[in-house]
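Visitor: Provided below for reference: sequence and predicted model.
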Amino acid sequence: MTVFDALLAPVMPILQDIEQHRRKHGNETLRWVEFVRILVFFFTERCASRNALIVAPHNADPVLNLPHVPAMTLTDAFQRFPPTLLRQVLSRLIRQIDQPIIPELTLIGDIDAVDGSHFPILGGMSYVRDTDTPRVKLHLDLNLNRLMVVDFVIGSATSNERQAYRTMLRASVTYVLDRGYMAFALLRDSIAAKAHVIMRACNNIVVETVEELTVDLPVQVQQHWTNIRDRRVRSWHEDAQGIEFRLVEFTSGPSTYKLITDRFDLSTFQVILLYAYRWQIELAFRFFKHTMDGLNVITQSHWGIENYFAGMFLTALLHLQFKRDCLEMDGYTAGSPTDTPRSSETMSDDTTTSAGGDHQVQPSRDTTRPSSNSTVACFLARLNHPFALFWKIPKYWLVTLADYLHRQFTLDVVKILNKHALSNFKSLLNPV
């Protein structure tokens, strides 16, 4: 078995099942399952261009058994195969893979971060008539418990983020949103969908206090976060009529934060903590754009763009699973869903302890950011530990993986890959 075969092993039964039951075109010369294999090869090799997509399979080692597909056929495959097929693959693979759950979130429920980011379209065209620059907007729903992309929406460069969010709403999920999503109508729609929301509000929000709530924050954090207030409120805005919600306010450095939520069961600290976790979706966008070299979309049709992103998310998920499998083969574990959850207060104690002893955490040089304070910087670094271990795949690891795709999957290959995987994270892993 080659390294490429081992990488694809978790998803191949799903691909073959869908291939067997999907509707075929009468003149197909490229099977959908082979198209997906080419996509995974493309993103693993970090080809980053349309020409590289066409040339790479021809130049690949014959042992990989990649088909030599004419340029027109491969380009046409993006818009010929319905993206619902790859969405099915992602959904089934997510249910199948036993990824580690972030312990601090296990008792709070499903927590998703939603945000949007622009991706330029290679070739200078847009799949919709738009006077804006040639780019699309990817609206991403990232589950923070397991750090997986669970949904996405493709829109034009000027597409509405709030409307995209509404299409991704799922019951019982708590969504964490930045200030750009702030709208009372969005709060109402989330409650109507039986979902929950933690959303940063504008600093000029006007509310009426219904009840002052007890501020529940660890002492170690209180000395660095000031002007903390937690209350049940209502607004006379027409979209907020009949709704009472929670407003959590605090100041960190020069920045003031006002968070609104419909979750009254969380402590003050948990509300702030969940908003702090939202930053991981920004890191996820950076990972897809730069670590995976997926910044430039190489197709222009709507179906093609959906297939492009679905293929990238599938490849990322396979990389993460493959990395974890290799680490476990070498006697390491990155945690599991059965880990005992620690309380937020315990984590804050750990953070305070590390603030006094971890000299590797450097405060931000930007004085407008909360992380310019050394203790806050250590706190955020402590939050990022499980996320960094999961998402941070060094480029040397990816380069090595790409170079080794044609080799036999042996323990020697595992050790070489793990050497790169562990280079910055040995302190975060627990030997079995």
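Guide: That came in fine, so what should we check first?

Visitor: C-alpha only now, for contacts and for neighbours.
Guide: Noted.

Visitor: any idea how far residue 304 is from residue 83?
Guide: From residue 83 across to residue 304, the span is 8 Å (CA to CA, to the nearest Å).

Visitor: how about residue 394?
Guide: Residue 394 is 28 Å from residue 304, by CA to CA.

Visitor: neighbour count: the two, which is higher?
Guide: Shown here are residue 394 and residue 304; by other CA atoms under 10 Å, residue 304 has more neighbours (23 against 15).

Visitor: mean confidence for the helix or strand where that one lies?
Guide: If you go by DSSP states H and E, residue 304 is part of helix 302-329. The pLDDT scores in helix 302-329 average 94.

Visitor: who touches the residue nearest to residue 172 when sequence neighbours are not counted in this structure?
Guide: Excluding the flanking residues, the one nearest residue 172 by CA to CA, 6 or more residues apart in numbering is residue 195, at 4.8 Å. Residue 195 makes contacts with 169-175, as judged by CA atoms under 8 Å, 6 or more residues apart in numbering.

Visitor: which pair in those spans the largest distance?
Guide: When CA to CA is used, the two most widely separated members of those are 171 and 175, lying 10.4 Å apart.

Visitor: ok, those two, which is more surrounded?
Guide: Higher neighbour count among residue 171 and residue 175: residue 175, with 27 against 13, using other CA under 10 Å.

Visitor: is it true that the more buried one lies in a strand?
Guide: Yes. Inclusion of residue 175 in a strand is indicated when DSSP: H, G, I helix; E, B strand; the rest coil is applied.

Visitor: now for this protein, the helix or strand with the poorest mean pLDDT.
Guide: helix 344-357 (a mean of 42; mean pLDDT, DSSP states H and E).

Visitor: ok, which stretches of this structure are strands?
Guide: For the chain, the strands defined by DSSP state E cover 111-120, 135-143, 148-156, 174-177, 196-200, 208-212, 225-234, 244-252, 255-261, 332-333, 430-431.

Visitor: which other helices and strands contact the third one?
Guide: Spelled out, it's strand 148-156. helix 84-96, strand 135-143, helix 302-329 (3 or more CA pairs under 8 Å, 6 or more residues apart in numbering; DSSP states H and E).

Visitor: hang on, isn't residue 226 packed against residue 249?
Guide: No. Counting by CA atoms under 8 Å, residue 226 stays clear of residue 249, with 9.2 Å between them.

Visitor: who has more neighbours, those two?
Guide: residue 249 (22 against 14).

Visitor: what's the nearest residue to the more buried one if we skip its chain neighbours?
Guide: residue 258 (4.5 Å).

Visitor: how many neighbouring residues does the one you found have?
Guide: 21.

Visitor: report the contact partners of it.
Guide: Taking CA under 8 Å, 6+ apart, one finds 200-203, 247-250 in contact with residue 258.

Visitor: then residue 90?
Guide: If a contact means CA under 8 Å, 6+ apart, then residue 90 has 150, 310, 313-314 as its contacts.

Visitor: residues making contact with stretch 295-314?
Guide: 36, 39-40, 43, 48-50, 75, 77-83, 86-87, 89-90, 119-123, 125-127, 149, 154, 288-289, 294.

Visitor: pull the distance from it to the chain's centre.
Guide: Centroid separation for stretch 295-314 versus its chain: 16 Å, with CA atoms, centre = their mean, to the nearest Å.
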